[in-house]
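# sequence first, predicted coordinates after that:
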Amino acid sequence: MADSVQVAPLAAERRSWLTRLPWWQGAALLALVAILYRSILARLFTQWLHDPNFSHGIFVPAFALFVIWQERQKLRSVESRPSWSGLAIIVFALVTVALGILGAELFLSRVSLLFLLAGMTVLFAGWPLGRVHQRRTAV
């Protein structure tokens, strides 16, 4: 009789992917990304500081972090479903950064960081768009 009753999962078991990831694995992943993109980000930051046409770029990461902080409650409530399709996006990002470095193309090497972050998000947290938008029925 007890086998037929399904018990609801405990709140501690429904932790986010970020809290399940051991800290040293997250630090190692961050270190690898920093090593891979250090020269690209250094040149980008230098351009933000010295080129008046791109001086607003320094505020973009700060604004993105502010938006994430503002929406932190919504982001915590999104159920994570890691997906292996993020690995394909990561491979695409790594090929793009290699082509950008070998071809001395700044745009490709810089935009590959965005693809890498998107791929890691999908790999570790899943595709959030399917769970955020719900179908609306006509009244």
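Arrived safely.

# which residues of the protein score low on pLDDT?
Along the chain, the model assigns pLDDT under 70 to residues 1-21, 128-139.

# need the longest helix for it.
For the chain, the longest helix by residue count, based on DSSP state H, is helix 23-50.

# what's that one packed up against?
For helix 23-50, the packing partners by 3 or more Cβ pairs under 8 Å, 6 or more residues apart in numbering; DSSP states H and E come out as helix 85-102, helix 106-125. For the C-beta atoms, the positions are set from N, CA and C on the backbone; glycine is no exception.

# what comes up buried for the last one?
By neighbour count, and taking 16 or more other Cβ atoms under 10 Å as the criterion, the buried residues in helix 106-125 are 108-110, 112-113, 115-116, 119-125.

# for F66, which of the helices and strands packed on helix 23-50 is the nearest?
Among these, helix 106-125 comes nearest to F66, with 16.9 Å by Cβ to Cβ.
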